[in-house]
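Engineer: turn this into a model:
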Amino acid sequence: MPIELWAARLERPLTERETGLMLDMLPPERRERILRLKQPEKRREPLCAYLILRLALREQYHWRELPEIRLSPRGKPCFPEHPEVHFNLSHTSGAVLVGLSDQPLGVDIEKIRPVSRRAARRLAGVTDGEVFFQSWVRREARVKRGGAGIGTMLRQETPLESGEFYYPLDTFPGYAAGVATRSRDVPGAVRRYSLDEVL
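Structural biologist: Residues are numbered from 1 along each chain as shown. Down below sits the predicted model:
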């Protein structure tokens with residue numbers, strides 16, 4: 001199966017009713033995790049990421065509900081009852097990205113925002129904010145694919161290993177996004193939605 005990708009732009013806050021419906025569709029562990037977020041406005045992006053995941057699974061596999069999600073020994077979310085289906089989620093202010101494949105993958109999306117030259121130079125060896133976020137999503141997608149741990153992102157970026165592939169993605173203006181994989185299959189086009197199209 002080639003890598004399939006879905007993205008949603010979140011242009012408005014969720015209503016209480018929408019939030020409740022999305023919480024109800026989640027497996028219990030994921031629901032509890034989101035409810036632990038102290039600020040309700042911080043729930044929009046992760047809730048919408050799971051909504052897009054559910055839509056993607058329905059489209060690809062005709063699953064009507066999200067199956068149980070657990071963490072692998074390396075801390076990567078997985079479907080224990082469906083080890084052949086690999087997924088990854090990412091969310092940032094105002095947008096979410098979901099990837100599905102039959103092989104491990106990592107996705108990341110970041111809103112491009114001001115970053116100090118000092119931080120950009122220290123973390124990515126660059127001085128331009130947009131280039132910084134392109135480097136950041138490349139590193140985060142690679143880390144998420146392998147489950148290596150977020151601490152590895154604070155080191156300088158290393159070259160791609162043999163058999164490792166990274167593809168920048170075209171999602172929305174003002175965002176940097178990408179997918180990391182060991183598959184030679186080039187990902188298909190990202191399916192783009194607005195919040196109102198998926199609710």
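Engineer: can you give me the helices in the chain?
Structural biologist: 16-25, 28-35, 44-61, 117-124, 129-146, 195-198 (DSSP state H).
Engineer: and the end-to-end length of stretch 111-118?
Structural biologist: Stretch 111-118 has its terminal residues 19 Å apart, counting by CA to CA, to the nearest Å.
Engineer: starting at the chain centroid, how far to it?
Structural biologist: Relative to its chain's centre, stretch 111-118 lies at 20 Å (CA atoms, centre = their mean, to the nearest Å).
Engineer: what mean pLDDT does that stretch get?
Structural biologist: The average pLDDT within stretch 111-118 is 89.
Engineer: buried residues in it?
Structural biologist: 112, 115 (16 or more other CB atoms under 10 Å). Quick note: C-beta positions are derived from backbone N, CA and C, even for glycine.
Engineer: what are the neighbouring residues in contact with the closest residue to L5 other than its chain neighbours?
Structural biologist: Leaving out its chain neighbours, the residue that sits closest to L5 by CB to CB, 6 or more residues apart in numbering is V190, at 4.5 Å. With contacts defined as CB atoms under 8 Å, 6 or more residues apart in numbering, the neighbours of V190 are 5-7, 97, 169-171, 177.
Engineer: for Y61, state which of the residues you listed is nearest.
Structural biologist: W6 (13.6 Å; CB to CB).
Engineer: residue contacts, that closest one?
Structural biologist: With CB under 8 Å, 6+ apart, W6 has these contacts: 52, 55-56, 97-99, 190-191, 193.
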